[in-house]
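> Here is a sequence with its predicted model. Questions after.
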Amino acid sequence: MGGVAGARLAGAVSEAGGLGTLGLYRSAASDIRAAIEELSALTNKPFGVNFVPEVMHARELETSVDAALAGGARTFSFFSLIPTQLVGRLREEGSRVLMQVGSLQQAGAALESGADVLIVQGCEAGGHHRGTTALLPLLDSIKRRFPGSLILAAGGIASGSALVAILATGADGAWIGTRFVAASESAAHPLYKQRLIGAGATDTVVTTRYSLGWPGAVHRVLRTRVTDAEEPLPARFCGSVDVGGTRVPIPIGSVAVPTASTVGAVEDMAQYAGQGCELIDSVQPAAFIIKTIMAEAEATLARLTSLHTGHMTAGQRVEPGFGAISPGCPVQLETHQTHLRQP
Ligand SMILES: Cc1cc2nc3c(=O)[nH]c(=O)nc-3n(C[C@H](O)[C@H](O)[C@H](O)COP(=O)(O)O)c2cc1C
């Protein structure tokens, strides 16, 4: 997550057993090296680096990739596809290449160009979007078309039950953003974290209003007066941010995410958020978030196992969609599944 996922957050996630990823967006080579160095001092566990090729020139992308390789990065994720030649070079260096996709067609193209892992993004996701389809139907169709592919699912995942749902739909793991924006170690501005805590799914909106720096790109953010105004607000500076010791002004409608070093009208800036923000109720350390999600996933699996193997009676919790049951009538999940397969 560009701007938010610095060494502290990536290091904490890797230390806790996840794949912490540095959101490098389009950082300069010197900043890339410095970030990897800082991260390497925090963890010796595997980590990843992420770039956004759409906002980079081809040469710039290659230079950035070289800097990351030289720093020791071996897991590279890209917001979109990258040239086959660059994939080949990364793989020759023993790196893994992850590409984020938002449609069946993009998934096919990513695999064709040599991606090792697909990050399948649904439109529930916070940040910029690769497509317009919700996660589960997209995941289902991609897994069916490319059954052998390795998939991480992204979009609205903020709980263990959502993790189980994407695993059940064919994903091999989750790629989580928004929930970690509110982590203690994230570089997000404290006001942005606080807004995430109070926000529900309908407080987010898909828009192109924060396009300065990435023209026309569709993204999901928390609603602000910038997204809700009938006409785009007049161009003016609304704050500034520290970039390598220099204060850089932030115009209204800028793609820049408010970070700890941002000053000004944070409430008017791009506060990227997925629909899973509904489940964020406090700022917590990344390790605690991961532990909570894993514990919830285990509880969900135990519940599914008991539904699958045991008999439920009317007194027990039954989720919507499992049909009406009369008191004392046992319901078995298997029966329901058979019914689903033969509509
Ligand atoms: C604050 C923020 C910044 C993001 N920046 C990037 C980025 O730089 N590169 C990228 O590939 N994806 C980026 N994303 C999108 C994520 O890769 C992912 O698709 C998304 O976070 C998943 O949905 P969720 O936020 O609901 O968990 C960003 C997301 C957020 C919330």
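Great, that's in hand.

> what's the neighbour count on residue 214?
17 (other Cβ atoms under 10 Å). All C-beta spots, glycine's among them, are computed from the backbone N, C-alpha and C.

> Check the secondary structure at it for me.
The three-state label given to residue 214 by DSSP: H, G, I helix; E, B strand; the rest coil is coil.

> how about it, what does it touch?
52, 54-55, 128, 255 (Cβ atoms under 8 Å, 6 or more residues apart in numbering).

> ok, now with 7 Å
54-55, 255 (Cβ atoms under 7 Å, 6 or more residues apart in numbering).

> Of these, which is the most crowded?
residue 255 (22 neighbours).

> ok, it touching residue 207?
No. Between residue 255 and residue 207 there is no contact, the gap being 11.9 Å when judged by Cβ atoms under 7 Å.

> Would you mind writing the CA trace of the helix or strand where residue 65 lies as PDB?
Using DSSP states H and E, residue 65 sits in helix 58-71. Taking C-alpha atoms only, helix 58-71 is exported to PDB below (Å, rounded to 0.1, in the frame of the first residue of the first chain):
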ATOM      1  CA  ALA A  58       9.100   1.500 -18.600                       C
ATOM      2  CA  ARG A  59      12.700   2.500 -17.800                       C
ATOM      3  CA  GLU A  60      11.700   3.800 -14.300                       C
ATOM      4  CA  LEU A  61      10.100   0.500 -13.600                       C
ATOM      5  CA  GLU A  62      13.200  -1.400 -14.500                       C
ATOM      6  CA  THR A  63      15.400   0.800 -12.400                       C
ATOM      7  CA  SER A  64      13.100   0.400  -9.400                       C
ATOM      8  CA  VAL A  65      13.100  -3.400  -9.900                       C
ATOM      9  CA  ASP A  66      16.900  -3.400 -10.100                       C
ATOM     10  CA  ALA A  67      17.100  -1.400  -6.900                       C
ATOM     11  CA  ALA A  68      14.800  -3.800  -5.100                       C
ATOM     12  CA  LEU A  69      16.700  -6.800  -6.400                       C
ATOM     13  CA  ALA A  70      20.000  -5.300  -5.300                       C
ATOM     14  CA  GLY A  71      18.400  -4.700  -1.800                       C
END
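
> what helices or strands is the next helix-or-strand element following it leaning on?
Sequence order places strand 75-78 as the next helix or strand after helix 58-71, per DSSP H and E. If you count contacts as 3 or more Cβ pairs under 7 Å, 6 or more residues apart in numbering; DSSP states H and E, strand 75-78 packs onto strand 47-51, strand 96-101.
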